[in-house]
Structures are given as structure tokens and as C-alpha cells.
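K.L.:
quick one, fold the following:
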Amino acid sequence: MDITRNGIDTASGPGEWFTGDVYIDAVAAPSASSRVSASAVHFTPGARTAWHTHPNGQTIYVLEGVGRCQRRGGPVEEIRPGDRVFFEPGEEHWHGASPTRFMTHIAMLQVDDEGNSATWGDHVTEGEYGAAG
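P.N.:
From the prediction side, this is the model:
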């Protein structure tokens with residue numbers, strides 16, 4: 001058993017990966033015995049990830065607020081508390097808050113054998129983000 005006491009500072013989401021203000025709290029980090037990574041990700045209104053993929057897929061679980069997500073070529077979907085979204089391995093996607101509401105989700109994934117968790121692409125354009133109407 002390993003207890004990690006609260007005390008890890010909240011990190012700002014890097015501009016290369018996000019549009020807008022995003023804050024990340026680590027929940028679980030990969031270790032010698034587990035490849036699981038989990039974070040609570042807090043998006044301010046209009047904030048979102050860039051397009052990205054995960055080698056082993058990703059699950060997000062919405063805790064509060066209203067968000068949006070999209071897989072490449074699919075419709076922009078609204079997500080709300082209690083919604084769970086699974087992105088397949090290698091599926092290009094983005095997720096974030098709605099234009100007028102904060103959104104927090106838990107992001108869960110497994111890193112690959114080399115410790116990679118994501119491949120980041122272009123930022124989501126205003127046109128792509130606004131496609132939810």
C-alpha cells in the first residue's frame with residue numbers, strides 16, 4: 001500500500017496542449033507496478049485540449065459543469081456530470097468546457113511500454129469548437 005498525501009500543487013495546462021485556462025491535479029501516476037495515469041482536469045469556459053491521440057485509449061468521466069468532445073470526423077457532443085467517454089487507441093479527439101460553463105473531468109489512461117501517454121496535434125479551431133451550435 002502506498003498513500004500519497006494531498007500536497008501536490010495544481011499544474012497549469014501547457015499552451016502547446018490546450019486553448020484557454022486549464023488546471024490539472026494528478027490523481028494517479030505510472031509506477032513500476034502500474035501503467036495507469038489519472039488526472040482531474042479543470043477547464044474554464046471555452047478552454048479545451050488540442051487534437052490528440054492516446055496509444056492505449058482514454059476514458060474521461062465528467063464530474064461537474066458542461067463540456068464538449070469530438071472525435072475527428074464526428075459531431076461535437078455535449079457532455080455533462082456522470083457522462084463517461086471512451087476514446088479508442090489512436091482515435092484523434094479533443095475535449096473541453098462549453099463556451100459558458102466550467103467543466104471538470106477525470107482523465108484515465110494507460111501509458112505505453114515507453115511511458116508515452118499522448119501524441120499532440122493542432123489546436124482546435126474556433127470553427128471546429130463552435131460546430132456544436
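
K.L.:
can you give me the pLDDT of the residue sitting nearest the centre point of the chain?
P.N.:
In the chain, the residue lying closest to the centroid (C-alpha atoms, centre = their mean) is residue 107, at 5.4 Å. Per-residue pLDDT puts residue 107 at 98.

K.L.:
three-state assignment of it?
P.N.:
Applying DSSP: H, G, I helix; E, B strand; the rest coil to residue 107 yields a three-state assignment of strand.

K.L.:
how about the contacts made by it?
P.N.:
Residue 107 sits next to 38-39, 41, 58-60 when contact means C-beta atoms under 8 Å, 6 or more residues apart in numbering. The C-beta positions use only the backbone N, C-alpha and C, and glycine is treated the same way.

K.L.:
what residue ranges in the protein score low on pLDDT?
P.N.:
By pLDDT under 70, the weakly predicted segments of the chain are 132-133.

K.L.:
strands of that one, start to end?
P.N.:
In the chain, the segments counted as strands under DSSP state E are 11-12, 18-19, 22-28, 36-43, 48-49, 52-53, 58-65, 67-71, 77-79, 84-87, 93-97, 103-110, 119-120.

K.L.:
quick one: closest of those strands to residue 129.
P.N.:
strand 48-49 (6.2 Å; C-beta to C-beta).

K.L.:
can you list contacts of that closest one?
P.N.:
Applying C-beta under 8 Å, 6+ apart, the set of residues contacting strand 48-49 from outside is 17-20, 22, 68, 94-97, 124, 129.

K.L.:
if we can go back for a sec, residue 2 is nearest to which of the strands of the chain?
P.N.:
strand 22-28 (10.6 Å).

K.L.:
what packs against the closest one?
P.N.:
Using 3 or more C-beta pairs under 8 Å, 6 or more residues apart in numbering; DSSP states H and E as the contact test, the elements touching strand 22-28 are strand 11-12, strand 36-43.

K.L.:
same thing but at 7 Å, please
P.N.:
Contact here means 3 or more C-beta pairs under 7 Å, 6 or more residues apart in numbering; DSSP states H and E; on that basis strand 22-28 packs against strand 36-43.
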